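Okay, sequence plus prediction incoming.
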Amino acid sequence: MVFKFLKTVFLLVFSLLMIYPLYWLAISSFKTTEEFFRFPYSLPNEWTFDNFTRAWELADMGTAMINSTIVTVVGTALTVFLGALTAYVLSRFTFRLKGLVMLLFVIGMLIPIHSTLVPLFSIMNEVGMLNTYLALILPYTAFELPISVFLITAYMSSIPKEIDEAAVIDGSGYWGVFFRMMLPMSVPAMSTVAILAFLRYWNEYVFALVFINDTSLKTLPLSLSIFSDGYSTDYALTMAAMAIAVIPTIVMYVFFQEQIMKGMVAGSVKG
């Protein structure tokens, strides 16, 4: 009984510690800069939305939001589909080079992402891909693919192969089994991959900084960088900009949190 009580208290305290930064970000975005420094931890005396309006206009966050949405949605869709397709082959078929393919994906997870910036920049410059959405979508997908393959493969391996056999008896081919059976049944794992990819792509800064110079194509993290230059002392304004940027990630997690938990644990147990 005492252990259960201590466990509950610990989880409650831990949850509050995790939520507090978001709470502090939210209340700070409604303050003036003077009030931010004088009363950093209290509620605003007067709630104002001016910071949000100014941040949105100064950083052109509308355009940046559209660019980030395009890159993130397309990149996430590619990651989930290619990861699921690869996982289907690795989990349901046996072939001679299967071990080598798995090894290549392991090596892919071990490569430091930012160590490839220079060669990727050279390649994209040669093929004229710089300052395009593909300059971000393709590297994002490539580097997220190994972990997505492993997560979805683990989940698909837990699905009985008798389901495949029943589908084949009903007249489905390999593509029919994949689209009609494996994809719907792997939604929890794919949701996990989707939210992890979404968070990574939405918040990625270095690749966007190197590969995108066109102002009209800048993503949200690049637009936020303006507040670390000319507006570095206006912390209330910076907090408002960060609050706007973090809203989509919170919404994504709230909608997919149940599927995420299922995907993280379901593939660990077979049968």
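Sure, I can see it. Numbers count the residues shown, from 1 in each chain.

Which residue, neighbours along the chain excluded, lies closest to residue 176?
Leaving aside its chain neighbours, residue 176 sits nearest to residue 167 (6.6 Å; criterion: C-beta to C-beta, 6 or more residues apart in numbering). C-beta: built from backbone N, CA, C; applies to glycine.

Going by neighbour count, list what's buried in the host helix or strand of that neighbour.
Remark: residue 167 resides in helix 162-169, with elements defined by DSSP states H and E. By neighbour count with 16 or more other C-beta atoms under 10 Å, helix 162-169 contains the buried residues 164, 167.

Check the gap between the closest residue to residue 181 other than its chain neighbours and residue 160 for me.
Distances taken as C-beta to C-beta, 6+ apart place residue 167 nearest to residue 181, at 5.2 Å, with adjacent residues excluded. Per C-beta to C-beta, to the nearest Å, residue 167 is found 12 Å from residue 160.

same question, residue 209
Distance, residue 209 to residue 160, by C-beta to C-beta: 47 Å.

of those two, who's got more company?
Higher neighbour count among residue 209 and residue 160: residue 209, with 15 against 10, using other C-beta atoms under 10 Å.

all helices in this protein, in order from the N-terminus.
When assigned using DSSP state H, the helices of the chain occupy the ranges 2-28, 33-38, 50-58, 61-92, 98-110, 117-127, 134-157, 162-169, 174-177, 183-185, 187-203, 206-211, 220-224, 235-266.

so can I have CSV of these showing mean pLDDT and distance to residue 44?
Shown next, in CSV, are the helices of the chain (pLDDT from 0 to 100; distance: least, C-beta to C-beta, whole Å):
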stretch, mean pLDDT, distance to residue 44
helix 2-28, 86, 6
helix 33-38, 83, 6
helix 50-58, 87, 10
helix 61-92, 93, 22
helix 98-110, 86, 44
helix 117-127, 91, 41
helix 134-157, 92, 37
helix 162-169, 82, 56
helix 174-177, 86, 57
helix 183-185, 88, 47
helix 187-203, 89, 27
helix 206-211, 92, 33
helix 220-224, 89, 22
helix 235-266, 77, 9
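
Check which residues of stretch 114-131 are buried.
For stretch 114-131, the neighbour count (16+ other C-beta under 10 Å) marks 117, 120, 124, 129-130 as buried.

Residue 105: which of those is nearest?
Nearest to residue 105 among those, counting by C-beta to C-beta, is residue 120 at 19.1 Å.

got the contact list for the closest one?
By C-beta atoms under 8 Å, 6 or more residues apart in numbering, the residues touching residue 120 are 139, 211.

ok, it to residue 130 distance?
Where residue 130 is concerned, residue 120 sits at a distance of 10 Å (C-beta to C-beta).

list residues touching both of these two?
Residues touching both residue 120 and residue 130 by C-beta under 8 Å, 6+ apart: residue 211.

So what's the residue count around the residue nearest to residue 47 when sequence neighbours are not counted?
Spatial nearest neighbour of residue 47, chain neighbours left out: residue 30 (4.8 Å); criterion: C-beta to C-beta, 6+ apart. For residue 30, the neighbour count with other C-beta under 10 Å is 22.
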